[in-house]
Each structure stands twice: as structure tokens, then as C-alpha cells.
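> For reference, the sequence and a predicted model appear below.
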Amino acid sequence: MIEARGLTKDYGSKRAVDDLTFTVKPGVVTGFLGPNGSGKSTTMRLALCLDRPTAGDVTVNGTHYRNHAAPLHEVGALLEARSVHTGRSAYNHLLALAQTQGISRKRVDLLVDFVGLHDVARKRAGQFSLGMGQRLGIAAALLGDPATLLLDEPSNGLDPEGIHWIRNLLRSLAAEGRTVFVSSHLMSEMALTADHVIVIGRGKLIADTSVDEFVRMASGSAVRVRSPQAGALSELVAGDGVIVASPQPGMLEIRGLAAEKIGETAAAHGIVLHELTGMQASLEDAFMELTRGDVEYKSGEEIAA
Amino acid sequence: MSSASTAVAIPQLQDHGRVTQLRVALSEWTKLHSLRSTRRSLLVAVILTIVLPCLFASILSSRWGHLGPGERADHARHPLEVATAGVNLSQLAIAVLGVLVITGEYSTGMIRSTFIAVPKRLPVLWAKTGVYALVVAALMVPSVLAGYFASQAILSRHHILQVPFSDHGVARAVLGAALFLVLVGVFALAIGAIVRNTAGGIATFAAIFFVIPPLMNILPSSWNNAISQYLPSNAGRSVFALTHDAHSLRPLPGILLFAGYCAAALATAAVLLVRRDT
């Protein structure tokens, strides 16, 4: 369980995280989405007490992360930035972390095998590929058998097999009742992995909802129409709350009007239709649309001021 | 690896405990000895501390016949200078490693993993300091003793240069040299924790230890005499000088003052460590 209340962080004059309030619940995979620089990594660092919030508060499993007696048993974390000494072997890296709270060598061996680093565990971590580095980070995150996982871009640098593995791992961890909070810029990956999404843009909360609801919310009800009389149809359907776009000649994308209504209007005016398709937006489309909205809102605000 | 299966079996943990100071110290010991740079720096420090006194003793012994009476008397007045000659160089190796013990974590990002495992942070600073001090002591006490006895053996023909271990102040000076090196390590580590950058940490240490003291000679001698003895390097070195002039601290006040500088630097590092973002 992760709870943020009015969480805000300034770096100098730049506001990285702006009044975020959300709760990440156990038992499901919660995706954390946002464009680059939107404050995802900062939020995770604040949750881990690596940085101090300027205002507001974030707790993990009921208290500030700093207060836990066995931190690695509470939270397993994988940060996007490299967090391993390049001169130390993978095994010794994990051992040093394990020893801080009495986790055994046996457990270290087990996790080395679990993430598939057995053959390179004695090699210096500086020689690792990005994918191997991610596996090492995941082993570190799982060392303490944590109740909550906080993973920043875990599939970064993994090959397709590794991405498949991470997806199953995250779902299994959630199925065991753990809290799984995972950031990603790969929307298609999140669509397959996450049950719930928290979306931020420019440090602000944009959405906190289920994946299905998020897609529904953002897609509106776009309908694709192909017609030799596209121009005429476009004028006929125009009205309040209806947005008509023409991505190419003879094709319209109409939002704010149901497919049935468009078909009826076309029939009433004798307009020939070659296609009338309700479009289901992907998570990616939904994300693009919602974050674009945020940007537009921001610039509108600036003009008003 | 069970990548093909849909369910992934996550190994359960049987044994987990809380973070304790002793466990963090064990972790820091693992970190220290598992790096090649540590082993090399410490090896260099050991070799310098033992080999340099032997080298100087050999040169002095072979050239003794060519020295004038004034020069001989000079050497006789400072008989331990040869035995502790290595300290002047090994202090640099120990200081550089002391800085690296902490800045190496900042430059690689390891510090984030460290503070995620020990989010209270201060146990890490105490553990790093304690483990490094113990390691330096464990290596440097035998090294300075070896340097002393070996150089004395090489100079055995020159009775005027013999300073038996049982003579007044000799044991204090020889073992004091090891204590000085331990404190140099602690001081450098604290500077590393404050500066958080390898180049900056080493430069800061070098400025305090090697640049500021000779600069004092530019001051009027009354000022120089009043100030210089209180500089960290001079205060610390007084513990392994066998003779003391009017403008240098006695061994005990000297080493205590240097220990005080170390404590102040560590306290500053501790306050910053807890307050700063990582």
C-alpha cells in the first residue's frame, strides 16, 4: 500500500511533482504512466525517502519508508537510474544489501538463480548489459520478500523473452497480494500488465482509474467514416460537442456523435458511406490524448494569466 | 529460468530481520573488501610504510661515512624520521581510499541502493567509518612496526641512530604514526561524505593537508608559529615526532586536536547526510 497526500517536490524553481494524491492498493498491478520528465521517478524517490518532499506526504505500508525496521522486507525497489557499484560483482552487491538486515547467503544464491544471473554472478556489474543490470536490480528488489514493489521502468533493456518474464512476474507478485507499482513508458506493455493506472503529466495527477475505464474515458466515441461525399457529411454532423477531423481525403474521424446517428444522418441526406467504424482507442492513444490535453490546458492557463 | 511458463514462482523468504548497526557494519565490510581499488590502495599503503624506511635506512647507512659531523648530528637528533618516512606517502593512499569509500557510491549510484536498504542513513556513515578505521589500524600497526624494526636493523652499525623501542616516547611515536593514519582515513572519509565527489574530496583533503601548511610560511613568523601548530596535519603529526620545539603541540594535545577535527568533520557529514536529497 502506497499513499500520497498532496505530495509536492520542487527542485530549485522547477516543480517536479505537484500536489499528487493517490493510493496504490495491494493485489493488483498499478501502472504509473506519464511522459518523460513528468515526475514518475521523483515520486518513487520521494516514496523511498531518497528525497524529501517540499510539501505533502507519502507513506508505504502505513508509515514513512524511513521508519521501517526491516525496509527490504517492506519494499523492493528498482530505480531507473543505475544503482550498482560498477566495480563489485553482482553476488557481492546483493550480499552487501542482504547483510544490512540479516538476509542469508542462501537467499542471495536463490535470487541470483531466480533472475537468471547464475553464470555471471561473479563478474563485475560494470561489465553487465542493460538487460543483465535490470535482472540484477530485480533480484535486489526481491531480496527481502517485500510486501510492496516499486519498479521504475523494469522492462528497460530487456529482450522480448525478458519482457514476457517480467510481465508474468509482476502479475504473480500482485496475485500473491502484494502491492505492485510499476512505471513504464511502454503503453502497450502496461495494457497487458496493469489492472489500474495512475497517469501524471507535468507532475500533476491526470487519471487514477482502471485500465479499461481509462481507455474508455479517453477514446470518447470516435467513429471513422469513409465517404466520397465526406465534405458534405462533415457539414451536416457539425454541431455542439462534435469534433470532426479529416486525417486523409474522403475519410473523417468524428467524436461526440454515435455511429448510429452518423449513419442515420447520412441516409437522410442520401450520402453514400464506404465505411462506418467505431474506433476503440488503445491505451497508448488514451495516454497521448490525455497528456496532450494537460499540455493544452497548461498553455491556455498561461494565456489567461 | 521459467520464462516460458505463465506463473512465476517467487521464492519465499524464511529469515528476515531488522537493520542493526552491526549488520550494516558487516555489509560495509563486504563492500570494502569486494572492490579491487580497495585492495590495491591498501597494498600500496602497506608497501610504502614498510619499504620507504628500509630504503632511506639503506641509503643513510651506505652514505654515513661521507657525511659531515653537522649532518650526522642532525640525523641523530631526529632518529625516528627514517622509521616513519613511509607515513608521509601512505597517508595519501589512505586518504584517497577514505574519500572513495563514500564518493565511489555517489559516482556509481550505489548510494541509492545503500539508502534504500538503510533509509535511516546514519548507520551507514558510522559503519563505513568504523570498518575503515579498523581495517587501516589492522594493517598499519604491523606496517609501522615492521618499518621501524627493519630500518633499525639496517642501521644497526650506527649506534648514534639506534632508538630502542623501550626508550621514552619511541613506542608512542611508532604506534602514534599508525593512529595518525587511522585518523587520516576517518578525516578523508568525512570529507568525502560532505563533498560527495571523488575529485572534489581528494582536492579538498590535499588542500587542507598539503597546500595550506606551506602557505603559512608566507605569513609573518609570529603568526605562522601561532597558527601552524593547530592545523589538522601538524596537530596530528605531533604524535609521531620524538622531539617537540616551542611551536609544535605536545603529542597528546596534538592527536586529540586532530581527533577533534575528525569528529567535527564527521558531525558535519552526519547532519548533511540526513538532510540532503540523494
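Looks like it came in fine. Numbers count the residues shown, from 1 in each chain, chains lettered A, B, ... in the order given.

> Please identify the helix or strand for the spatially closest residue to B:Ala137 that is not a sequence neighbour.
Nearest in space to B:Ala137, with sequence neighbours left out and distances taken as C-beta to C-beta, 6 or more residues apart in numbering or on different chains, is B:Val182 at 5.0 Å. Bear in mind the C-beta positions are built from the backbone N, C-alpha and C, glycine included. Assigned by DSSP states H and E, B:Val182 belongs to helix B:170-195.

> helices and strands around that helix, which ones?
Using 3 or more C-beta pairs under 8 Å, 6 or more residues apart in numbering or on different chains; DSSP states H and E as the contact criterion, the neighbours of helix B:170-195 among helices and strands are helix B:80-83, helix B:87-108, helix B:122-154, helix B:198-206, helix B:232-237, helix B:251-275.

> Any buried residues in it, and which?
Using 16 or more other C-beta atoms under 10 Å in any protein chain shown as the test for burial, helix B:170-195 gives B:170, B:172-195.

> ok, now stretch B:264-273?
The neighbour-count check on stretch B:264-273 (16+ other C-beta under 10 Å) flags B:265-266, B:269-270, B:273 as buried.

> And that stretch, how far out from the chain middle?
Between the mean C-alpha location of stretch B:264-273 and the chain-wide mean there is a distance of 18 Å, by C-alpha atoms, centre = their mean, to the nearest Å.

> Report whether that stretch contacts chain A.
No: under the criterion of C-beta under 8 Å from any C-beta of the partner chain, stretch B:264-273 makes no contact with chain A; the nearest approach is 12.3 Å.

> Restrict that stretch to CA atoms and write it as PDB.
The C-alpha trace of stretch B:264-273 is given here as PDB (Å, rounded to 0.1, in the frame of the first residue of the first chain):
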ATOM      1  CA  ALA B 264      33.800  17.900  13.700                       C
ATOM      2  CA  ALA B 265      34.000  16.700  10.100                       C
ATOM      3  CA  LEU B 266      32.100  13.600  10.800                       C
ATOM      4  CA  ALA B 267      29.400  15.500  12.600                       C
ATOM      5  CA  THR B 268      29.000  17.900   9.600                       C
ATOM      6  CA  ALA B 269      28.900  14.900   7.300                       C
ATOM      7  CA  ALA B 270      26.200  13.300   9.500                       C
ATOM      8  CA  VAL B 271      24.000  16.400   9.500                       C
ATOM      9  CA  LEU B 272      24.300  16.800   5.700                       C
ATOM     10  CA  LEU B 273      23.700  13.100   5.100                       C
END
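
> What lies in contact with it?
For stretch B:264-273, contacts defined as C-beta atoms under 8 Å, 6 or more residues apart in numbering or on different chains pick out B:121-122, B:124-125, B:129, B:186-187, B:190-191, B:193-194.

> May I have the residues that are in contact with the residue of the stretch 201-305 of chain A at minimum distance from chain B?
When distances are taken as C-beta to the nearest C-beta, the stretch 201-305 of chain A reaches nearest to chain B at A:Gly203, 16.0 Å away. Contacts here follow C-beta under 8 Å, 6+ apart; on that basis A:Gly203 touches A:9, A:15-18, A:20, A:38-39, A:42.

> Test my guess that B:Ile227 contacts B:Leu219.
Yes: using C-beta atoms under 8 Å, B:Ile227 makes contact with B:Leu219 at a distance of 7.1 Å.

> right, and B:Ser113 touches A:Leu143 too?
No: using C-beta under 8 Å, B:Ser113 is not in contact with A:Leu143, being 10.5 Å away.

> okay, and the common contacts of the two?
A:Leu97.

> can I get the contacts of stretch B:264-273 in JSON lines with pLDDT?
Conversion of these to JSON lines gives the following (pLDDT from 0 to 100):
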{"residue": "B:Arg121", "pLDDT": "97"}
{"residue": "B:Leu122", "pLDDT": "97"}
{"residue": "B:Val124", "pLDDT": "98"}
{"residue": "B:Leu125", "pLDDT": "98"}
{"residue": "B:Thr129", "pLDDT": "98"}
{"residue": "B:Val186", "pLDDT": "98"}
{"residue": "B:Phe187", "pLDDT": "98"}
{"residue": "B:Ala190", "pLDDT": "98"}
{"residue": "B:Ile191", "pLDDT": "98"}
{"residue": "B:Ala193", "pLDDT": "98"}
{"residue": "B:Ile194", "pLDDT": "98"}
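
> if you look at stretch A:74-86, does any of it touch chain B?
Yes: in terms of C-beta under 8 Å from any C-beta, part of stretch A:74-86 sits within range of chain B, namely A:75, A:77, A:79, A:81-86.

> quick check, A:Ile200 in a helix?
No: counting by DSSP: H, G, I helix; E, B strand; the rest coil, one finds A:Ile200 to be strand, located in no helix.

> Number of residues surrounding B:Ser233?
Neighbouring residues of B:Ser233 were enumerated by other C-beta atoms under 10 Å in any protein chain shown; the total is 19.

> can you tell me how far the closest residue to it other than its chain neighbours sits from B:Arg196?
Sequence neighbours aside, B:Phe209 is the residue nearest to B:Ser233 in space, at 4.6 Å (criterion: C-beta to C-beta, 6+ apart). Using C-beta to C-beta, to the nearest Å, B:Phe209 is found at 19 Å from B:Arg196.

> Of all the helices and strands in chain B, which has the lowest average confidence?
In chain B, no helix or strand scores lower on mean pLDDT, DSSP states H and E than helix B:69-77, which sits at a mean of 87.

> ok now that helix, how far from the chain's centre?
When distances are taken as C-alpha atoms, centre = their mean, helix B:69-77 is centred 30 Å away from the chain's centroid.

> Only alpha carbons, please: show that helix as CSV.
As requested, the backbone C-alpha atoms of helix B:69-77 are provided in CSV (Å, rounded to 0.1, in the frame of the first residue of the first chain):
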residue,chain,number,x,y,z
PRO,B,69,79.6,15.9,11.7
GLY,B,70,76.9,18.5,11.5
GLU,B,71,74.7,16.4,9.2
ARG,B,72,75.3,13.3,11.4
ALA,B,73,74.2,15.2,14.4
ASP,B,74,71.1,16.3,12.5
HIS,B,75,70.1,12.7,11.8
ALA,B,76,70.9,11.8,15.4
ARG,B,77,68.5,14.5,16.6
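
> Give the buried residues for the helix or strand containing A:Ala140.
Secondary structure assigned from DSSP H and E places A:Ala140 in helix A:130-142. When neighbours are counted by 16+ other C-beta under 10 Å, the buried residues of helix A:130-142 are found to be A:131-142.
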